[in-house]
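J.: What shape does this take:
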Amino acid sequence: MSGISLSKQRDEVFSSRNELSIVDYLKQVYSLIAGSLFITGIAGYVSMGINWSMGSYLLAVLVSFGLLFVIFAFKNTASLILFSVLQGMLIAPAIAHYVNAGAAGVVGLSVVGTGAIFIALSLYAMVTKRRFEFLGGFLFIALLAMVIVGIANLFLQLAFLSLAMAYVGLLVFSGFILYDTQEMVYGERQPPVIAALGLYLDILNLFMSLLRILGSSSSKD
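T.: Residues are numbered from 1 along each chain as shown. The predicted model follows:
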């Protein structure tokens, strides 16, 4: 019955009466995602020369969390742009690490791999009859655990823990892409900025996880 119900729901969502509405909505969301990723990439490239201290980096992370509240409160593109710039600055040290080590190819491969995974999972989430709403609770708990462990590892600096977190992140954010895509298409419609923010964060964190994994494999060669 669930398969029949989902099929019927999909038909309703993509019916001729609502087709233009959902297509326009998806265009807005994915345009915001693309723009945010582009801004992050530019900001990351420009900021590779910044030498962060532990205190300044933690302050920037706290500002990021503050900007998240601003985005949810005002739901405007300007706050999303500011957030994207700051995220680019925060990932710049990781990118610079590989570029300066002569492993720029790892960064490029991570970008391509992230794009391929995102496109594949997004398409699958849109066409499959399986619902992933059951993943919501598990993904939230896993994300909370990752944040706590990640903050702790800023001080511990344990390489094996960082790599383990990357593999966990690869699974968790792949799950989030499935979940957030179906929520966007079949769930209660959120403002485009909010929907874009969720998937933007999924993509960015997936990229960072893949970068850590591929970077580790490259250093062993």
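J.: Pull out the buried residues from stretch 67-78.
T.: 67, 71 (16 or more other CB atoms under 10 Å). To be clear about C-beta, it is placed using only N, CA and C from the backbone, and glycine gets the same treatment.
J.: For that stretch, C-alpha coordinates in PDB please.
T.: What follows is stretch 67-78 as a C-alpha-only set of coordinates in PDB (Å, rounded to 0.1, in the frame of the first residue of the first chain):
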ATOM      1  CA  LEU A  67      24.500  33.300  10.500                       C
ATOM      2  CA  LEU A  68      22.400  30.100  10.400                       C
ATOM      3  CA  PHE A  69      20.000  31.600  12.900                       C
ATOM      4  CA  VAL A  70      19.900  34.800  10.800                       C
ATOM      5  CA  ILE A  71      19.100  32.800   7.600                       C
ATOM      6  CA  PHE A  72      16.300  31.000   9.300                       C
ATOM      7  CA  ALA A  73      14.900  34.200  10.800                       C
ATOM      8  CA  PHE A  74      15.000  36.400   7.700                       C
ATOM      9  CA  LYS A  75      15.100  33.800   4.900                       C
ATOM     10  CA  ASN A  76      16.900  36.200   2.500                       C
ATOM     11  CA  THR A  77      19.600  35.600  -0.100                       C
ATOM     12  CA  ALA A  78      22.000  38.200   1.400                       C
END
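J.: residues in contact with that stretch?
T.: 32, 79-80, 82-83, 86, 191, 193-194, 197 (CB atoms under 8 Å, 6 or more residues apart in numbering).
J.: Out of those, which sit inside strands?
T.: Under the assignment DSSP state E, the contacts of stretch 67-78 contribute nothing to strands.
J.: biggest separation within those, which pair?
T.: Leu86 and Pro191 (20.7 Å; CB to CB).
J.: neighbour count winner among those two?
T.: Counted by other CB atoms under 10 Å, Leu86 and Pro191 do not tie: Leu86 has more neighbours, with 19 against 14.
J.: so that one makes contact with Ala60?
T.: Yes. Leu86 lies in contact with Ala60 (CB atoms under 8 Å); the separation is 6.4 Å.
J.: give me the number of residues near Gly175?
T.: 19.
J.: returning to what we had before: of all the contacts of stretch 67-78, which comes closest to Val168?
T.: Of the contacts of stretch 67-78, the one sitting nearest to Val168 (CB to CB) turns out to be Leu197, at 21.9 Å.
J.: separation between that closest one and Val29?
T.: Computed as CB to CB, to the nearest Å, the Leu197 to Val29 distance reads 10 Å.
J.: Then Leu86?
T.: 21 Å.
J.: Who are the contact partners of the closest residue to Leu32 other than its chain neighbours?
T.: Closest residue to Leu32 apart from its sequence neighbours, by CB to CB, 6 or more residues apart in numbering: Ala196 at 3.6 Å. Listed by CB under 8 Å, 6+ apart, the contact partners of Ala196 are 28-30, 32-33, 36, 80.
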